[in-house]
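1. fold the following, please.
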Amino acid sequence: MLTYNLEQRNDEPKYYYIYKMIRRDIERGKLKKGEKLPSKRSLAEHLGISLITVENAYQMLKDEGYIAVSYTHLRA
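-> This next block holds a predicted model:
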């Protein structure tokens, strides 16, 4: 499961911090192309944040081509 320290985000919105951390993991190869990402709901519960926060982060990643949605799966 993806784990990020939200206290390190300074004044950034949570969704933007999550977006940056996942993007960094993809760019550094920690998340491989085609690797299944956690569901929005499970990541939100794991990090103790709202579902909307994760939805916003995933949407930014999708808009920029970092992830693709395949029906019910999100992949790096």
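2. and the strands in this protein, which stretches?
-> 68-70, 73-75 (DSSP state E).
3. rebuild the ones you listed as TSV, extending it with distance to Leu43 and mean pLDDT.
-> The C-beta positions use only the backbone N, C-alpha and C, and glycine is treated the same way. Listed next are the strands of the chain as TSV, based on distance: least, Cβ to Cβ, whole Å; pLDDT from 0 to 100:
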stretch	distance to Leu43	mean pLDDT
strand 68-70	15	83
strand 73-75	10	73
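4. just so I know, which of these lies nearest Leu47?
-> strand 73-75 (15.3 Å; Cβ to Cβ).
5. now Gln1. Nearest residue, chain neighbours left out?
-> Slight slip there: residue 1 is Met, not Gln. Nearest residue to Met1 in three dimensions, chain neighbours excluded: His46, at 5.3 Å (Cβ to Cβ, 6 or more residues apart in numbering).
6. would you mind measuring from that neighbour to Gly65?
-> When Cβ to Cβ, to the nearest Å is applied, the distance between His46 and Gly65 equals 25 Å.
7. again, but for Tyr4
-> For Tyr4, the distance to Gly65 - Cβ to Cβ - is 21 Å.
8. my guess is Pro38 contacts Leu2, does it?
-> Yes. Between Pro38 and Leu2 there is a contact under Cβ atoms under 8 Å: 6.1 Å.
9. mutual contacts of the two, please.
-> His46 (Cβ atoms under 8 Å, 6 or more residues apart in numbering).
10. so how far is Tyr17 from the closest residue to Ile18 other than its chain neighbours?
-> Nearest non-adjacent residue to Ile18, counting by Cβ to Cβ, 6+ apart: Ala57, 3.9 Å away. Going from Ala57 to Tyr17 by Cβ to Cβ gives 8 Å.
11. good, we can wrap up now.
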